[in-house]
Structures are given as structure tokens and as C-alpha cells.
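Chemist: structure, please.
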Amino acid sequence: MEIDNLTPAELRVWRAFPKGEAVDFRTAEDEDVTAGAGWGAERTVRATVLRALLLNGPQEDGEIPALRVAGARIAGVLNLQHGEADRAVRLGHCYFDDVPELYGSRLRHLRLSGSVLPGLNAVRVQVEAVLRLTDCKVHGPIRLGGAQIGGGLFLERAEITGADTGEPALYLNHVTIGADLWAPGLRAHGEVRLNGASVAGSVNLNDARLSNPGALVLDAQTLNVETDLHMRRLVTFGWIGLRGARIAGRLDLSYAHLSNPGDAALRASSCNVGELWLRKGPPIEGTLTLRRAQIDELFLEPQVVPHEVQFNGLVYTSLTPQEPPEHRLPMLERDREGYVPHAYEQLTAAYRRIGDDRAARRVQLAKQRRHRATLAWYGRLWGHVQDATVGYGFHPLRACVWLVSLLAVGTVAYGLHHPPPLKADEAPHFNALFYTLDLLLPVISFGQEGAFAPQGWYQSLSYALVIAGWILATTVFAGVTRTVNRQ
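Modeler: Okay, here's the model as predicted:
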């Protein structure tokens, strides 16, 4: 390009480039960049000029060239597809008429902070240092799929509106980031796609607001984060997909507001997480799915849990905060799959790890009662008997109470009315206490039961005591067997 063809604004940029000097066209630091379509020739730079500088710009000995422009209107398409620009690119607070095309390009440093763009196509871009889109307003999709960023990706307070076709607002699928993905305060209207992405540092989505009502709002399936994924005070309208994600540190959803009524709000099945924090926020509006997830520490407050959950196959080492079973058991009763034995076993194990055997027994009792509802009528009937007598073996003292009560009834009844002996000359001395024990205890014999024959109502009472004794013995045996098997 001949330098004589440059406008005064372009000439300023051309002359500043070899020394890496900044050119600022702004009239005020807080001016509204969204009004950039009305900026005149005095601050308009053609995209072809910028392309010529980046690919084959002038150089001066002893100087480090760089493109540093602020407050300019970029006219035309900045096309660097498959190009290599070994220069720092800083186009802050600029207004782009057209979508920059950076497909497959190789850049040292790219900063577009505070700019307004109709979109960004940077699929498979390679950035040696950092890519900054801080405070940008983008009225179309940002495509960064397959990008390789050696440093960090910064999207603080950026606002992205997806295209009217309903395509994702932010494509970060299979992106590789050498440091952090930093996007606190991000505003995205449309899907944010992070599936298959790999982040060597942490991901920060604190205070972000993601909206895609009734659809996928954050697709982070098979996402790999080497440290933490922070989503404190996150607000979503749509559902989050974390299936198969691996987060080595903490997945922090403290104070988050997740909303997708009538469908899933958070799907984190088959994921592997160091710590999952769901606390201090309102109840999740939608289903919480943690099926087959592997979590070292689950920080789950009961008041955050929604009306529907899916916990089948969920494995966790510890569960905090420490809550009584009355607060935890309702969560398991809300499972969409109905009775899930594995969920009760996990909760029991969590209480046993902290030495709370009483709470563990209560969970196991609740499990048996829930299981009872799935049985046929005769199974339910036998279950009610076991529950009332010995609490499925978790309340063995109940059997003693029943035995003592029945023993007292029999002793008084037969003490007031001695049953006649079968053989008066051979019968032992009648003892109402041991006669009742003979009726109640199906194995032990004191020689009283076979020597006397009650009649009338007392005979019916003897039959009732024998049946009650067998039921108590059977339920106690079943309870002891269940306890031994658990241990």
C-alpha cells in the first residue's frame, strides 16, 4: 500500500506503528463507543491498513513495532485468516463495522478491550500471550472454537448477544488456555459453549448472567479445569451441562441463582469434582442431576436442593454442612427415579465417617421404609410388622418392651385363672410367669406349656402369645442378621 493513499487518521497510525506508540482518537475516556457508527473520517481507519501493518508493516532499528489504537472506527473487514502477525495488537475502545476474520491466524497478543463488534471469528486462532475482550460489547457470536491461547482469556464484564439464528453466543469448544479463563460479570444472551475445553488455571464466572431460557445456557461437557471453577452469584436462565467434566479443585456455586423451571437446571452427571459447593443461594428452580458423579467433598445445603433431584450413582467422600437426617432425607425422597438404594447408602456412609452412628441408623431405617412402599401387599404387611416391633432391627429395644408387656399380660391373666393340668398327678407346680415365657419363647422350654391346657378365652390368649413370640423372634433374628451384614 502506498503511504500517499492514507488519510490523516491512518497516517497517524502508520507512523506510530514502528515505535509501538499509542494513537488515541477519543475525546473522553468515558465516551460511548456504541455511537461509533457516527464517527467521521477524522477517526476512521480502514481495516486493510491495519492488515498491511500487521503482516508487512515498517520497522525501525532498535524499536519494537506494535499496533496500539484507541477510539477508532475500523471500516471494512479486518482479515487475518491464516496470517501470522508477530506484533502486539491493541485495538481498545474501537468500533468495528464488520466482523474481524482471524480464522487460523497466529498472533502474539490481542487486546480488544472496551470495543464494540458485530461478532468475532477467531476459530483455531493461536495467541502466544493473552486475549483480552474485557468490557467488549459484541452483537453477534464470538467464535473461538479450537483456539490455543498461551496465556489467559479475559472477558470481564463483556456483553455478548448471539445471532438471531439462535446459535451460541460464545464458542469456546475445545479451546486450550494456558492460564485462566477470567470472565467475572460476563453477560451472555445465548448459549456459552465450553465443551471439551481445557484450562490450565481457573475459570472465573463470578457475578455472570447467562440467559438462554428453556435451553442450554452453559455447555461445559468434558470440560477440564486444573484448579477451580468459580461461579459465585451466577444467574442463569436455562440449564448448565457439566456431564463428564473434570474439575480438580472447587466447583463453587455459592449464592448462585439457577433457573430452568420444568426441566434440568444443573446436569453434572458422570463428572469428577474435587469439591462441589451449593450453598447460600435460593432453591434451584429445576432438576439437580448428579448421577454417577464422583465428588470428594459435597457442600450441599438442604435449602438449596430443588423439588426434583437425580442422585443415582452419586459418590462422595464427605458431606457438609453437618445436618441431622431430618434435613437430608427429604432430598432423597425427591429423586425422579423413585427409590434409589445407593443414595441412602452414600448418606449412611457419610454419617458413619463422622462417627454419628445414630444418624446412620435413622437413614437405614428410612431406606427400609421407602423400600417397603415398592413391595407387594404381603411384603408391605410384613414390613409394617418389622417396623412396629423392632424398627427393622435398628430399634432392638422395642422387642424387649413388647416381650415385657406381653409377659406382664400373660402373667396377670394366668395368675388370676390357672389353666387346668393335663395330668394332675404328673403336672409340675403351676407358675404363671414361666408358663407365659414358655408361650412367648419358641425355643426355650420350662416344662409349663405342655403340662397345662387353658380353656376358652385363655386358650385364645395362649395362641396369641405363641404367634407374637414367633413374630418377635423372627424380626429380632432378621434385624440382627441385617446389622451383622452391614458391619
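Chemist: okay, buried residues for stretch 318-332 please.
Modeler: Buried residues in stretch 318-332, counted by 16 or more other Cβ atoms under 10 Å: 319-320, 325, 328-329, 331-332. Yep, even glycine has a C-beta here, placed from its N, CA and C like the rest.
Chemist: of those residues, which belong to helices?
Modeler: Among the buried residues of stretch 318-332, the members found in helices (DSSP state H) are 325, 328-329, 331-332.
Chemist: any idea how far residue 306 is from residue 427?
Modeler: Going from residue 427 to residue 306 by Cβ to Cβ, to the nearest Å gives 70 Å.
Chemist: neighbour-wise, which of the two wins?
Modeler: Taking neighbours as other Cβ atoms under 10 Å, residue 427 and residue 306 compare with residue 306 leading, 19 against 15.
Chemist: so what's residue 299 up against?
Modeler: Counting by Cβ atoms under 8 Å, 6 or more residues apart in numbering, residue 299 touches 275-279, 320-321.
Chemist: phi and psi next, for it.
Modeler: Main-chain dihedrals, residue 299, degrees, to the nearest 10: phi -100, psi 100.
Chemist: so which residues of the stretch 201-350 of the chain form helices?
Modeler: Here the stretch 201-350 of the chain has its helices, by DSSP state H, counting those that start in this stretch, at 325-333, 341-353.
Chemist: as JSON lines, those with mean pLDDT and distance to residue 299 would be great.
Modeler: Below are the helices of the stretch 201-350 of the chain laid out as JSON lines (pLDDT from 0 to 100; distance: least, Cβ to Cβ, whole Å):
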{"stretch": "helix 325-333", "mean pLDDT": "93", "distance to residue 299": "13"}
{"stretch": "helix 341-353", "mean pLDDT": "93", "distance to residue 299": "12"}
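Chemist: how about low-confidence regions in this structure?
Modeler: Low-confidence segments of the chain (pLDDT under 70): 1-4, 163-165, 388-399, 474-487.
Chemist: centroid residue for it?
Modeler: Centroid-nearest residue in the chain: residue 268, 5.0 Å away (criterion: Cα atoms, centre = their mean).
Chemist: how far away is the residue sitting furthest away from the middle of the chain from residue 451?
Modeler: Computed with Cα atoms, centre = their mean, the residue of the chain farthest from its C-alpha average is residue 425, at 80.0 Å. According to Cβ to Cβ, residue 425 and residue 451 sit 11 Å apart.
Chemist: for residue 410, same thing?
Modeler: Applying Cβ to Cβ to residue 410 and residue 451 gives a distance of 16 Å.
Chemist: need the strands for the stretch 1-150 of the chain, in chain order.
Modeler: 22-24, 44-46, 66-70, 73-75, 84-92, 95-96, 106-111, 116-117, 120-121, 126-127, 131-132, 137-138, 142-143, 148-149 (DSSP state E, counting those that start in this stretch).
Chemist: of these, which approaches residue 246 most closely?
Modeler: Comparing these against residue 246 with Cβ to Cβ, the closest turns out to be strand 148-149 (19.4 Å).
Chemist: that closest one pairs with which strands?
Modeler: strand 126-127 (parallel), strand 176-177 (parallel) (DSSP bridges).
Chemist: before we move on, the earlier item: to residue 157, which of the strands of the stretch 1-150 of the chain lies closest?
Modeler: Among the strands of the stretch 1-150 of the chain, strand 137-138 sits nearest to residue 157 (Cβ to Cβ), with 9.8 Å.
Chemist: distance between the closest one and the chain's centre?
Modeler: 29 Å (Cα atoms, centre = their mean, to the nearest Å).
Chemist: look up the closest residue to residue 140, ignoring the ones flanking it.
Modeler: Spatially, and ignoring its direct neighbours in sequence, residue 140 is nearest to residue 119 (2.9 Å; Cβ to Cβ, 6 or more residues apart in numbering).
Chemist: the one you found: neighbour count?
Modeler: The number of residues packed near residue 119 is 20, by other Cβ under 10 Å.
Chemist: I'd assumed residue 139 was in contact with it.
Modeler: Yes. In this structure, residue 119 is within contact of residue 139 by Cβ atoms under 8 Å, at 7.2 Å.
Chemist: tell me the helices in the stretch 351-487 of the chain, going along the chain?
Modeler: With helices called from DSSP H, counting those that start in this stretch, the stretch 351-487 of the chain shows them at 357-372, 377-390, 397-416, 432-440, 457-486.
Chemist: roughly how far does residue 25 sit from residue 42?
Modeler: Following Cβ to Cβ, the distance that separates residue 25 from residue 42 is 8 Å.
Chemist: which non-adjacent residue is nearest residue 21?
Modeler: Spatially, and ignoring its direct neighbours in sequence, residue 21 is nearest to residue 68 (6.8 Å; Cβ to Cβ, 6+ apart).
Chemist: oh, that last question was meant for residue 208, not what I typed.
Modeler: Nearest residue to residue 208 in three dimensions, chain neighbours excluded: residue 186, at 4.2 Å (Cβ to Cβ, 6+ apart).
Chemist: and that neighbour, how many residues sit next to it?
Modeler: Counted by other Cβ under 10 Å, the residues lying close to residue 186 total 24.
Chemist: compute the first-to-last residue distance for stretch 82-97.
Modeler: This stretch, stretch 82-97, spans 21 Å end to end (Cα to Cα, to the nearest Å).
Chemist: what does stretch 158-175 give?
Modeler: Chord length of stretch 158-175, first to last residue, is 18 Å (Cα to Cα).
Chemist: now that stretch: buried residues?
Modeler: Buried positions in stretch 158-175, judged by neighbour count with 16+ other Cβ under 10 Å: 158-162, 168-175.
Chemist: so which residues make contact with that stretch?
Modeler: Residues from elsewhere that reach stretch 158-175 (Cβ under 8 Å, 6+ apart): 119, 123, 133-149, 153, 155, 181, 183, 186-198, 219.
Chemist: isn't residue 335 up against residue 307?
Modeler: No. The pair residue 335 and residue 307 fails to qualify as a contact (Cβ under 8 Å) at a distance of 11.0 Å.
Chemist: so between the two, which is more surrounded?
Modeler: Shown here are residue 335 and residue 307; by other Cβ under 10 Å, residue 335 has more neighbours (17 against 13).
Chemist: and residue 413, how many neighbours does it have?
Modeler: Look at residue 413: counted by other Cβ under 10 Å, it has 17 neighbours.
Chemist: next one: it from residue 132, what distance?
Modeler: Per Cβ to Cβ, residue 413 is found 91 Å from residue 132.
Chemist: ok, residue 401 next?
Modeler: Taking Cβ to Cβ, one finds residue 401 at 73 Å from residue 132.
Chemist: same drill for these two, tell me which one is more crowded.
Modeler: residue 132 (24 against 12).
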